[in-house]
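> pasting a predicted model and its sequence here:
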Amino acid sequence: MNRRWLILTPAVVLFLAAAVPALGPGDAARSVPQSSFGRGETIKYTVHYGLINGGEATVETGGGLEHFNGRPCYRASVSGKTTGSFDFFLRIRDQWRALIDTTSILPLRAQREIAEKNYRKRETVDFDHLHDMAEVTDHTHENARTSVKVANNTLELVSGFYFLRTLNFDRMKVGDVVRMPGYFDGDNFMLEVVFKGREVVETKAGDVRAFKLVPRMPNNKLFRGENAISIYFSDDRNKIPVLFQAEMFVGTVKVDMVRYQGLRWKLNMVN
């Protein structure tokens, strides 16, 4: 079994972006109006492999705004860890953090601290969206630095999570495709996500009315087929991910919302 499936399942869909021309120094690269999220929000998930609870994940924003390179930013993080018997065999403790520009919803700085059994990685990525460049510092290898060319308005894991929530799903039709550039672990890629309409999904926090999205997966040894992953976002003004489901060669994996706090709007629960 691939030891990273517990944490990477919810990550694969977090890179949605649209190309908008950059402005001058000191300005935001673009303006993305949004009212779905703010400061002090926390969402917790449980990872299930069949009937077994295998891990936990948390997505949250800090309680105050920060400034980086003269821009106001949200401090956001995504963390994940194994639990129970999976913790004995796999032992995953991963955390991603990002400073996200409040106007453009683009990452200005992203950090990863990865601890997966015997594997370790600490990395900082500073994004220059004016010149479409990323400066990568590898703290696990004597702070080695590398410059990487990235796509216009590219996202990484954490900022992608929040940018996705700015999209207007009400304007989408079943079958519409969103194409997006992303950057992760040294690679640039383009991901396509298909809008599948509305459903009611069952979570540990209750039944939620939701939008369904399916990313088109390339051939790989982890997920079963092109449409292996389904992601459900709450059908309300919050648009939070409430459920991830993945059909994998080792079985079905679910990442299920269990608790939430600090949402700006009431969650669209089924009474």
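The structure has been received and is ready for your questions. Numbering: from 1, shown residues only.

> list the buried residues in the lengthiest strand in the chain.
Looking across the chain with DSSP state E, the single longest strand is strand 187-203. Residues Leu191, Val193, Val194, Phe195, Lys196, Val201, Thr203 are the ones in strand 187-203 that count as buried (16 or more other CB atoms under 10 Å). (Glycine included, C-beta is placed from N, CA and C.)

> for the second one, which residues make a bridge with it?
Per DSSP bridges, residues listed as beta-bridge partners of Val193: Val178, Pro215.

> next one, pLDDT for it please.
pLDDT, Val193: 85.

> give the contact list for Gln34.
Gln34 is in contact with Ile105, Arg165, Thr166, counting by CB atoms under 8 Å, 6 or more residues apart in numbering.

> switch to 10 Å and redo it
Residues in contact with Gln34 (CB atoms under 10 Å, 6 or more residues apart in numbering) are Thr102, Thr103, Ile105, Tyr162, Phe163, Arg165, Thr166, Leu167, Arg237, Lys239.

> wait, the fourth one sits on Leu155?
Yes. If you go by CB atoms under 10 Å, Tyr162 and Leu155 touch, sitting 9.0 Å apart.

> what do these two both touch?
Leu14, Ala98, Ile100, Ile105, Leu106, Pro107.

> farthest-apart pair in the residues you listed, please.
Between any two of the shared contacts of Tyr162 and Leu155, the greatest separation by CB to CB is 13.5 Å, found for Leu14 and Leu106.

> looking at Tyr162 and Leu155, which is more packed in?
Set Tyr162 next to Leu155 and count neighbours by other CB atoms under 10 Å: Leu155 wins out with 29 against 24.

> about what we covered before: in the shared contacts of Tyr162 and Leu155, which has the lowest confidence score?
Leu14 (36).

> hmm, back to that, using CSV, lay out the shared contacts of Tyr162 and Leu155 together with secondary structure and distance to Arg39.
Listed next are those as CSV, based on DSSP: H, G, I helix; E, B strand; the rest coil; distance: CB to CB, whole Å:
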residue, secondary structure, distance to Arg39
Leu14, coil, 20
Ala98, strand, 14
Ile100, strand, 11
Ile105, coil, 14
Leu106, coil, 18
Pro107, strand, 17
